[in-house]
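Asks: predicted model, plus sequence, below.
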Amino acid sequence: VKVRRVCIAHDCGRIVNPDGVLNQIEGGVLQAVSRTLLEQVQWDTRQVRSVDWGSYPILRAPDVPRVDVDLIDRPDEPSLGAGEAAGTLIPAALANAVYDATGVRLRTVPLTPGRFRAQLARTA
Amino acid sequence: MVFRLKVNSAVRDVDADGDTPLLWVVRDVLGMTGTKFGCGMGLCGACTVHVDGRPVRSCVTPIESVANAAITTIEAIGTTPAGKSVQKFWTIKEVPQCGYCQSGQIMAAAALLRDKPNPTDADIDEAMSGNVCRCGTYVRIREAIKEASRDLAMSRG
């Protein structure tokens, strides 16, 4: 799965620093893409096996999508948290895209090839 | 053993074992703490410095291997044309969030623009692929490098 572009609209009430909000949303989106496609702590029966950036890969420059953000400013509302909320949408959006493309419904992240094959076998 | 190092154009004599990582000499002996310890295994890029203009991971570089080389750290990268431009647009674009990886990112970007003043997207991806950012500032890193590239092209005339 390759994410080319993410478009996202964000309402966090009154916006005080628009560029700061954009920065937070961009980061939140990329963290969530990384989590959804790659990140999983591995254990064996004795210990955690994810101990460095080799055994726990995260998103790197070549896999970073374009991120387009629309800010919804509501000056009459209180300011609420920005950034983390963006991340809650990404796993659902990507899982829906996988379902749309293949008919395979994945409900656990990361959306790994192994999970996909297992679910495909169950579905078929 | 005493090693004579050339760091940021100054000659410094350092008494340390030859296999001491350059990172710890820069930080603990020479007191320049802009270069960060990330993973200690050359996997994350936070400790990137330049050795003869090339980006290297100082956490896995023994000082005996760089005794005759010109070492540049984040403290002096602003004295090079590419480094100065990269820092300028890093500030304008407000790239950093937590900031921990950013001196390494800037060193990688400055090395890229020194070698390839007009990089393609693929050049940028390749040059920056060894520097991880947990905050996800990659979008702005890419933008800042492109702006710095345009800035350098204009200053060349």
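Replies: Right, received. Where do you want to start? Numbers count the residues shown, from 1 in each chain, chains lettered A, B, ... in the order given.
Asks: can you tell me the SS state at residue A:68?
Replies: The three-state assignment at residue A:68 reads strand, by DSSP: H, G, I helix; E, B strand; the rest coil.
Asks: next, the closest residue to it other than its chain neighbours: secondary structure please.
Replies: Spatially, and ignoring its direct neighbours in sequence, residue A:68 is nearest to residue A:7 (4.6 Å; Cβ to Cβ, 6 or more residues apart in numbering or on different chains). (Glycine included, C-beta is placed from N, CA and C.) Secondary structure state of residue A:7, per three-state DSSP, is strand.
Asks: isn't residue A:7 right up against residue A:89?
Replies: No - applying Cβ atoms under 8 Å, one finds residue A:7 not in contact with residue A:89, separated by 10.9 Å.
Asks: and the spatially closest residue to residue A:57 that is not a sequence neighbour, backbone torsions?
Replies: Using Cβ to Cβ, 6+ apart and skipping residues adjacent in sequence, the residue nearest residue A:57 is residue A:38, 5.3 Å away. Backbone geometry at residue A:38, expressed as degrees, to the nearest 10, gives phi -130, psi -40.
Asks: now do residue B:71
Replies: Main-chain dihedrals, residue B:71, degrees, to the nearest 10: phi -100, psi 130.
Asks: tell me the pLDDT of it.
Replies: According to the model's per-residue confidence, residue B:71 sits at a pLDDT of 98.
Asks: swap in residue A:83?
Replies: For residue A:83, the predicted pLDDT is 81.
Asks: what does chain B have sitting close to chain A?
Replies: Chain B comes close to chain A at residues B:39, B:41, B:43-44, B:94, B:97, B:124-126, B:128-132, B:134-142, as judged by Cβ under 8 Å from any Cβ of the partner chain.
Asks: residue B:38 contacts residue B:60, correct?
Replies: No - judged on Cβ under 8 Å, residue B:38 makes no contact with residue B:60 at a distance of 11.3 Å.
Asks: neighbour count for the two, which is higher?
Replies: residue B:38 (22 against 15; other Cβ atoms under 10 Å in any protein chain shown).
Asks: give me the three-state assignment for the more buried one.
Replies: Residue B:38 - assigned by three-state DSSP - is coil.
Asks: and it, its phi and psi?
Replies: Reported as degrees, to the nearest 10, the phi and psi values for residue B:38 are phi -110, psi -70.
Asks: give me the pLDDT value at residue 56.
Replies: Because you didn't say which chain, this covers chain A. Looking at residue A:56, its pLDDT stands at 96.
Asks: wrong chain, I was asking about chain B
Replies: 98.
Asks: quick one: it is in a helix?
Replies: No - using three-state DSSP, the assignment for residue B:56 is strand, not a helix.
Asks: contact partners for the residue lying closest to residue A:27 once chain neighbours are set aside?
Replies: Closest residue to residue A:27 apart from its sequence neighbours, by Cβ to Cβ, 6+ apart: residue B:136 at 3.8 Å. Contacts here follow Cβ atoms under 8 Å, 6 or more residues apart in numbering or on different chains; on that basis residue B:136 touches A:26-31, A:34, A:59, B:97.
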